[in-house]
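Q: below: sequence and its predicted model.
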Amino acid sequence: MAPVFHVIVNPAAGHGQAADFVRAKVEPLLKHCQIAYKIHQTSGVKDAGRIGQEIQNSIPLEEPRLVIVAGGDGTAHELIEGILDQSSAGDDQGIGTWRLAILPCGTANALFHSLFPDSHRHDSVGELGQHLATLTNEDEHQLSSLTSAIESLKAPQTNVLPLPITLTTIASQKRIPTHIVLSTSLHASILHDSEALRETMPGIERFKVAASQNMSVAFKADAVLRGTRVRQYSPKTKSFIEPFTISDASISASSSSSSSSSSTKEWVVPGPFSYFLSTTTANRLEQAFVVAPTLSLLPPGSEDGGPSMDIIIIRPGRDPSVIAAQDQGEEATGKMRAKRLGEIAGNIYKNGSHVNLTFARDESGSLEHGGEGEVAVEVFRAQGFDWIPTDTSHQASHYVCADGDIHVIPSGERAIVELMDRHPAGHGFFVWK
Ligand SMILES: Nc1ncnc2c1ncn2[C@@H]1O[C@H](COP(=O)(O)OP(=O)(O)OP(=O)(O)O)[C@@H](O)[C@H]1O
């Protein structure tokens, strides 16, 4: 049977342009290439999940599900969540193979911009090539994932990348799936506080206000990284090597979490933290904010012992300038934490150069690129972690941001973060690149 593309359109994503884009750009392309499709329009929160379940039930498990997501990261998130919810509620035969073409019809479009950071003309031939030649560069760029999808119809295994799903468990509740970002500390607090500001500040300036409220905060928690081969990025070698900012004494061979096996090791990362963010696929959270450049520069491979996540950490207690400010009291220390984060964030916007920042060894304490001093930003590659708040009175240390949604860890509990198994083999989510 000829494949059918299911187009999920979120009319509320971004500036509300998804339906127009599909009508004007996607449908003509699919028609030109004589590809069958079905449009599904979302009607509100979590509706993409319901549509995913409907698609799931309409196709035999052994056939791939081909989906075009015309929305933002939230639409893809809800789709994935709906499919996994249904699968965990039923008899566990697996979820089948989901191949997603991503159209950047949302606001941040982190996944799309991570897959297609630059626009370039495709060298497609035939029907597809003829059609693309009539489009502007911008339209062609936005259709990049779909173009790959159409090309792969002739050679089904080409152009698809696995989309690893992170699963987070908080206090034995239902596991929360994410495909873009799982964070705590500054990133989670910005998302939390900006939501509270939405009514009074509908524009994106609320994110700036929320950031300035949280840049000086020290988030009180410990983290435990897990994996068969946890490694750390070194600006010196420009590669991942044995962790060097966490001491050997913190390695133990056992684990408290459900995903552990005898070969899984744990590495304790004592807090406090300014920044803590993990991601499996998105090297950037918006077009210019390249927070995890290692994902694209050093793509995870077989040496990582299976699927992995990159974890970006800033711990103010390691920063000589913050330590020096402690003599002047908490207010001065907070100001210095904020100043440093601002400097580091500026480098995130410079093509992700923050991962190469080091502390100068001299009195100045300034930040250098690839100097001899300690790294300012710690970047780990692991298979999971626990986030354990250590101060029950500090609410913000209990926030977890799961693809933009905020969850709060109850007092005395932790968040356990792991990667979903692709089981049975071949099942899972993939994106066309
Ligand atoms: N018909 C609808 N009316 C109102 N909201 C909707 C409708 N359909 C879906 N939604 C909601 O729209 C929200 C925003 O979608 P999405 O996250 O894809 O766009 P975005 O926030 O603009 O982009 P990004 O996540 O890339 O920044 C989703 O959380 C979803 O629950």
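A: Good, I have the coordinates.

Q: from here on, contacts and neighbour counts on C-alpha atoms
A: Will do.

Q: now the stretch 151-300 of the chain against the ligand: closest residue?
A: Glu286 (8.3 Å; CA to the nearest ligand atom).

Q: next: the stretch 301-433 of the chain.
A: Among the residues of the stretch 301-433 of the chain, Gly404 lies nearest to the ligand; the distance is 7.6 Å by CA to the nearest ligand atom.

Q: now that residue, nearest residue through space, not along the chain?
A: Nearest residue to Gly404, sequence neighbours excluded (CA to CA, 6 or more residues apart in numbering): Leu191, at 6.7 Å.

Q: element containing that neighbour, please.
A: Using DSSP states H and E, Leu191 maps to helix 185-197.

Q: what about the helices in the stretch 51-200 of the chain?
A: Per DSSP state H, counting those that start in this stretch, the stretch 51-200 of the chain carries helices over the ranges 73-89, 110-115, 126-132, 137-142, 144-152, 185-197.

Q: export these to a markdown table and tack on mean neighbour count?
A: Formatted as a markdown table, the helices of the stretch 51-200 of the chain follow (neighbours: other CA atoms under 10 Å):
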| stretch | mean neighbour count |
| --- | --- |
| helix 73-89 | 20 |
| helix 110-115 | 24 |
| helix 126-132 | 14 |
| helix 137-142 | 17 |
| helix 144-152 | 22 |
| helix 185-197 | 22 |
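
Q: still on that earlier bit, what score does the residue nearest to Gly404 have for pLDDT?
A: Looking at Leu191, its pLDDT is 94.

Q: residues contacting it?
A: 207, 210, 401, 404-406 (CA atoms under 8 Å, 6 or more residues apart in numbering).

Q: isn't there a strand covering Glu27?
A: No: counting by DSSP: H, G, I helix; E, B strand; the rest coil, Glu27 falls outside a strand, being helix.

Q: so what's the residue count around it?
A: Per other CA atoms under 10 Å, the neighbour tally for Glu27 reads 18.

Q: and the residue nearest to Glu78 when sequence neighbours are not counted, what helix or strand is that in?
A: Distances taken as CA to CA, 6+ apart place Gly49 nearest to Glu78, at 5.0 Å, with adjacent residues excluded. Assigned by DSSP H and E, Gly49 falls within helix 47-58.

Q: tell me the mean pLDDT for that helix?
A: 97.

Q: buried residues in that helix?
A: For helix 47-58, a neighbour-count test (16 or more other CA atoms under 10 Å) marks 47-53, 55-56 as buried.

Q: want to throw these into a markdown table with distance to Arg231?
A: As requested, the buried residues of helix 47-58 are exported to a markdown table (distance: CA to CA, whole Å):
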| residue | distance to Arg231 |
| --- | --- |
| Asp47 | 39 |
| Ala48 | 36 |
| Gly49 | 35 |
| Arg50 | 39 |
| Ile51 | 39 |
| Gly52 | 36 |
| Gln53 | 37 |
| Ile55 | 39 |
| Gln56 | 37 |
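
Q: hang on, the earlier thing: any chance of TSV for the contacts of Leu191, columns pLDDT?
A: Output for the contacts of Leu191, formatted as TSV (pLDDT from 0 to 100):
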residue	pLDDT
Phe207	89
Ala210	95
Cys401	97
Gly404	92
Asp405	94
Ile406	96
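
Q: in strands only, show me those residues.
A: Among these, the residues falling in strands (DSSP state E) are 401, 405-406.

Q: a markdown table for the helices of the stretch 51-200 of the chain, including distance to Val355?
A: Listed next are these as a markdown table, based on distance: least, CA to CA, whole Å:
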| stretch | distance to Val355 |
| --- | --- |
| helix 73-89 | 25 |
| helix 110-115 | 17 |
| helix 126-132 | 37 |
| helix 137-142 | 28 |
| helix 144-152 | 28 |
| helix 185-197 | 17 |
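
Q: mean pLDDT lowest where, among these?
A: helix 126-132 (a mean of 89).

Q: what sits up against that one?
A: Residues outside helix 126-132 that contact it (CA under 8 Å, 6+ apart): 29, 32-33, 122-124, 140, 147, 150.

Q: I appreciate the help and will end here.
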